[in-house]
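# Pasting a predicted model and its sequence here:
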Amino acid sequence: MHHDFSDPTATAELAARAIRERLGIDRADIGLVLGSGWSAGADHLGEIIGSLPLAEIPGFSAPVVTGHGGDLLAIRVSTGRIAVVLTGRTHLYEGRGVEPVVHGVRTVAALGAGTMVLTNGCGGLNPSWEPGTVVAIRDHINLTGTTPLRGATFIDMTTTWMPELVQKVQQIDTSIPTGVYAQFHGPSYETPAEVRMAGIIGADLVGMSTALEAIAAREAGLDLLGLSLVTNLAAGVSPEPLDHAEVVAAGRAAAPRLATLLSRIVVE
Ligand SMILES: Nc1nc2[nH]c(I)nc2c(=O)[nH]1
């Protein structure tokens with residue numbers, strides 16, 4: 001499939017055209033990326049208009065993380081708005097460069113959407129945030145050493161994570177705290193020392209996605225909301241070593257609540 005990112009905007013337009021033609025929609029109002037643990041997030045959003053394997057859309061690839069959907073869904077929510085849902089994402093650690101990582105965000109913008117919801121699974125630094133805790137991202141720290149921006153694109157990042165959308169989430173569910181998300185390159189999890197560093201520089205969450213997508217969303221002028229599912233305590237926060245089975249179990253247990261939360265955010 002098409003993986004020419006010499007002109008990322010043109011590739012996003014190609015992807016948007018393929019989605020319009022194949023799914024019979026002329027635009028989208030909101031885009032969502034479903035990260036680890038959020039796969040049920042699309043279940044109650046509305047009537048599925050159609051779906052496409054990501055690998056069939058220009059610029060996208062099948063996810064390398066098994067168990068992650070790998071489709072793009074178009075859904076008509078009850079208000080008549082169109083949601084485009086990406087049930088998989090490309091991570092920086094796949095070594096394809098930064099453009100494929102943010103291609104989903106740019107494609108959603110090319111479809112005319114005004115809002116982007118990025119969800120992810122992550123490690124938590126706060127010991128009281130048990131696996132299954134949902135945290136609304138209020139700011140991020142990009143520790144990847146790269147960026148999707150090229151040239152003199154000095155964009156302001158002050159309100160990258162739209163405060164009004166964070167407030168909306170907290171009105172929907174007052175138990176949801178806010179936090180600062182730090183993106184590491186991955187694919188290794190952090191060492192305890194790296195987790196301590198992340199805490200010292202102000203992070204509450206550590207992950208391997210989302211910050212680069214947020215930069216692209218800011219560049220595209222999308223209103224952005226980020227929701228993290230704490231699937232594990234970050235390395236060193238608890239004496240237990242990281243256990244992938246625990247990550248999967250925490251995501252599965254939280255799934256019904258996440259689906260309800262997303263549907264209320266999208267519809268209200
Ligand atoms: N970097 C990082 N990414 C993650 N993704 C998940 I799920 N848990 C973690 C974690 O503890 N650290």
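The structure has been received and is ready for your questions. Numbering: from 1, shown residues only.

# check contacts around Arg76.
Arg76 makes contact with Gly46, Glu47, Ile49, Ile82, Ala83, according to Cβ atoms under 8 Å, 6 or more residues apart in numbering. Every C-beta, even on glycine, is put in place using the N, C-alpha and C of the backbone.

# Neighbours of the second one, how many?
By the other Cβ atoms under 10 Å criterion, the neighbourhood of Glu47 contains 9 residues.

# From Thr79, how far out is it?
Between Glu47 and Thr79 the computed distance is 12 Å (Cβ to Cβ, to the nearest Å).

# which bits of this protein sit near the ligand?
The interface of the chain toward the ligand, taken as Cβ under 6 Å from any ligand atom, is made up of 36, 121-123, 184, 186, 189-190, 206-208, 231-232, 234, 247.

# Mind checking which of the residues you listed land in strands?
Among those, the members falling in strands (DSSP state E) are Gly121, Cys122, Gly123, Val206, Gly207, Thr231, Asn232.

# Next, format those residues as CSV and append pLDDT.
Formatted as CSV, these follow (pLDDT from 0 to 100):
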residue, pLDDT
Gly121, 93
Cys122, 95
Gly123, 95
Val206, 98
Gly207, 98
Thr231, 90
Asn232, 90
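
# I figured Leu224 hits Met162, correct?
Yes - between Leu224 and Met162 there is a contact under Cβ atoms under 8 Å: 5.6 Å.

# Looking at those two, which one has more neighbours?
Neighbour count, other Cβ under 10 Å: between Leu224 and Met162, Leu224 has more, with 22 against 18.

# How about the contacts made by that one?
Per Cβ under 8 Å, 6+ apart, neighbours of Leu224: Thr115, Met116, Val117, Leu118, Thr160, Trp161, Met162, Leu165, Ala214, Ala217, Arg218.

# What strands line up against the host helix or strand of it, and which way round?
Taking DSSP states H and E as the criterion, Leu224 maps to strand 223-233. Sheet pairing of strand 223-233 (DSSP bridges) gives strand 115-124 (parallel), strand 134-142 (antiparallel).

# Could you find the closest non-adjacent residue to the closest residue to the ligand within the chain?
Using Cβ to the nearest ligand atom, the single residue of the chain nearest to the ligand is Gly123, 2.3 Å away. Of all residues not flanking Gly123 in the chain, Ala234 sits nearest, at 3.4 Å (Cβ to Cβ, 6 or more residues apart in numbering).

# Can you pull out the residues in contact with the top helix by length along the chain?
The longest helix of the chain (DSSP state H) is helix 244-267. Residues outside helix 244-267 that contact it (Cβ under 8 Å, 6+ apart): 30, 32, 36-46, 67, 77-79, 81, 83, 117, 119, 121, 131-132, 134, 165, 168-169, 172-173, 225, 227, 229-232.
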